[in-house]
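S.K.: Build the 3D model from these lines:
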Amino acid sequence: MTSYGALSAHETITKTGTEGGTGVGTEGEFKAVPVWFFAFEGLMGAAYDILKSAPDAWMFLAAALVVNIVLARTVLRGRLKMAKAMLKGRRTRKIALGLIGLRIGVHVVFGAVGVEATTPAAHLALALLMSATTVWLLAFDQRVMLRALNA
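M.R.: You can find the predicted model right below:
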């Protein structure tokens, strides 16, 4: 049984190197998507609560979506292969369903306690929870996926 140590995104990129900006290392290894890029997905995961706390924030969310698309198509173009591999994985779908379950679970727990998230502060707290959870889970998924693909 082989044991693989956890590699940070920087160590993985340094280890793999690049060849012509293809997103694949010199030995066919995948390059990691920077963790900061997952913040856009975290922001979209928190969009409901952000809009509940500040209804005019839709313009900010729309601008963030455009920036996300532009970055994905330009700066991170060479890493799209890794992103596509992640999106095709069962684990990523489980993460998406888990985040939906977390959202429903929080509301069920609040209902059982007799509390509702109606204030902007409560919605911002939930937005922060959803965003941080999304970023953490996607970074974890990427780390596991890189270990499996580069093994």
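S.K.: For the rest of this, base every contact and every neighbour count on C-alpha atoms.
M.R.: Will do.
S.K.: just how off-centre is the helix or strand hosting Leu80 within its chain?
M.R.: Assigned by DSSP states H and E, Leu80 belongs to helix 80-88. The chain centre lies 12 Å from the centre of helix 80-88; the measure is Cα atoms, centre = their mean, to the nearest Å.
S.K.: Which element is encountered next along the chain beyond it?
M.R.: With secondary structure assigned by DSSP H and E, helix 80-88 is succeeded by helix 90-113.
S.K.: any idea which helix or strand comes after that next one?
M.R.: helix 120-149.
S.K.: angle of that following helix against helix 80-88?
M.R.: Between the axes of helix 120-149 and helix 80-88, defined by axes from the mean of the first three to the mean of the last three Cα atoms, to 10 degrees, the angle is 110 degrees.
S.K.: got the buried residues for helix 120-149?
M.R.: Judged by neighbour count (16 or more other Cα atoms under 10 Å), helix 120-149 contains these buried residues: 123-139, 141-143, 145-147.
S.K.: Ok, stretch 49-67 next?
M.R.: Neighbour-count burial for stretch 49-67 flags Asp49, Ile50, Leu51, Lys52, Ser53, Leu61, Ala64, Leu65 (criterion: 16+ other Cα under 10 Å).
S.K.: now do the same end-to-end measure for that stretch.
M.R.: 20 Å (Cα to Cα, to the nearest Å).
S.K.: which residues are contacting that stretch?
M.R.: With contact meaning Cα atoms under 8 Å, 6 or more residues apart in numbering, stretch 49-67 is reached by Phe40, Leu43, Met44, Ala47, Thr119, Pro120, Ala121, His123, Leu124, Leu126, Ala127.
S.K.: Could you name the residue of the chain that is farthest from its center?
M.R.: With distances taken as Cα atoms, centre = their mean, the residue sitting farthest from the centre of the chain turns out to be Gly114, at 31.5 Å.
S.K.: that older thread, now, which of the buried residues of stretch 49-67 sits nearest Gly78?
M.R.: Closest approach between those and Gly78, by Cα to Cα: Leu65, at 19.5 Å.
S.K.: separation between the closest one and Gly101?
M.R.: Counting by Cα to Cα - Leu65 and Gly101 are separated by 24 Å.
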